[in-house]
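**Q** Mind folding the following:
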Amino acid sequence: MTSADTRVRLEEVAIEETVVSIRKTLLSAVKAEYWDFMDLGLLPRNSTAAQLLIYSVDTAKQFHVEKKMNDWNKLRRRLESKERATLWRLKQKMRLSTDFASSWTELTVYVVDSFAAAHVRAQKSIARYYGHTASADTAEEWLIIEESKHEVREAKEFLRRRLGVCGERAVRLAHSKQLAQFILIHQKTIIETMESQGVVSGGDAEGFLHKIQSDLESLSTLSLDEVDSGCLEEATYRSSEESVLVEESEDTFESFPTQDAEGAESDNFLLTVIKSARICMLAHGEDLVDELEFLAKKILESPTYSRSWTSASSRRALGGSASPMDLAQPLLPEAAPSMESMPGSAIRTIARRVSTRMQAHRQLMRASSGASTPNGGLLPSQMDTGKVDIVMPKADI
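**A** Have a look, this model is predicted:
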């Protein structure tokens, strides 16, 4: 073998080693994303979905990693296993397991959505880590990212085939339950922080946490048959330029809170939060109204969206009292700002709509019960929350 041949062979070996290294790094990034989803409350830690996802990465890093990405094949075989599905249903029926999913179909949605979301985020991480931009800079990066994209396409196609006629409603219910759990865990963190700071006593905190845990358990048993079909209806909103404001339902889970400067993923996540608010109330009832008002208020005050333009009439409308007529207004604006408008303008518009809608809801509820409004007649979204980071829970829960 000549020196030229040796050099070529060494270069080939180096490329192969680089490809395997990038592939392993991407799998590690995917696993890290799964743990992030668990920390956010979007993927329950002890759920079957979480166990399957972590297992798929661990086994993929041990077998065939030198040839191609293989974690989706591991997942697909387990999701297709009739024996595994039957055993899971038996455990649920006998209360040997209390999984967050109410059906194997719902569990499949959690697995596929988490898989796709983790891979999309990991692809960006790999491109930034090995290169200088959010896209691939070398052939090796491009190869691994394309392998990952191919797996995501296969996973989504698998989900479409498995769900059948009720597919879209099942996906939206799964997303809404994930969102409800996210808010409940957010509330749990608030209570634990308040207890550690001495704001509430241990006894009061225990009562609040018991209520949240009860809601989480109720949420886990919520099935598609128990939900009003009107809450899961599909709606697509476009601007005057016909640009889609909200992503397709099967892609919505790909957008989680992020620190990206562009704020695009944050926008999509918050759209999902507000879009799914009605079903969240199935799990938490009237107490959730306070939390949604508070979140809408903080969205409006967030520095992320402070650059957005808001008309004087909109600002006056936000500061005024809500009318019961606001309940007839759609939650998402019919003529939403275009994607080319200033960052966050769509979110601010929707946040204002949520704030007034929640105010109107509470006014109607209190009017029907004859109860007086606490806090001197001020509703939570009308209160000055600029100096606090947490919202006090109601004492009567």
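
**Q** any idea how this structure splits into domains?
**A** 3-166, 295-397 (automatic domain parsing).

**Q** between these, which gets the lowest average pLDDT?
**A** Ranked by mean pLDDT, the domains of the chain end with domain 295-397 in last place, scoring a mean of 42.

**Q** Now do the SS call for L42.
**A** Using DSSP: H, G, I helix; E, B strand; the rest coil, the structure places L42 in coil.

**Q** Excluding chain neighbours, what is closest to it?
**A** Distances taken as C-beta to C-beta, 6 or more residues apart in numbering place Q178 nearest to L42, at 4.9 Å, with adjacent residues excluded. Any C-beta I mention is one placed from the backbone N, CA and C, and that applies to glycine too.

**Q** counting contacts, what elements does the helix or strand that contains the one you found pack onto?
**A** Secondary structure from DSSP states H and E places Q178 in helix 167-196. Judged by 3 or more C-beta pairs under 8 Å, 6 or more residues apart in numbering; DSSP states H and E, helix 167-196 is in contact with helix 104-130, helix 139-163, helix 202-220, helix 264-275, helix 277-284, helix 287-301.

**Q** If we use 7 Å, what do you get?
**A** With contacts defined as 3 or more C-beta pairs under 7 Å, 6 or more residues apart in numbering; DSSP states H and E, the packing partners of helix 167-196 are helix 104-130, helix 202-220, helix 264-275, helix 277-284, helix 287-301.

**Q** how near is T193 to D36?
**A** 20 Å (C-beta to C-beta, to the nearest Å).

**Q** go on, L27?
**A** Note on L27: its distance to D36, by C-beta to C-beta, is 15 Å.

**Q** same thing with V120?
**A** Applying C-beta to C-beta to V120 and D36 gives a distance of 13 Å.

**Q** How about A180?
**A** Note on A180: its distance to D36, by C-beta to C-beta, is 19 Å.

**Q** So the two - more neighbours on which side?
**A** Legend: neighbour count by other C-beta atoms under 10 Å for A180 and D36, higher for A180 (25 against 16).

**Q** Look up the pLDDT of the more buried one for me, please.
**A** For A180, the model assigns a pLDDT of 73.

**Q** Surely it is in contact with L219?
**A** Yes. Using C-beta atoms under 7 Å, A180 is in contact with L219, at 5.5 Å.

**Q** so who does I144 touch?
**A** With contacts defined as C-beta atoms under 7 Å, 6 or more residues apart in numbering, I144 is in contact with 19, 22-23, 26, 126.

**Q** rerun that using 8 Å as the cut-off
**A** I144 makes contacts with 19, 22-23, 26, 69, 126, as judged by C-beta atoms under 8 Å, 6 or more residues apart in numbering.
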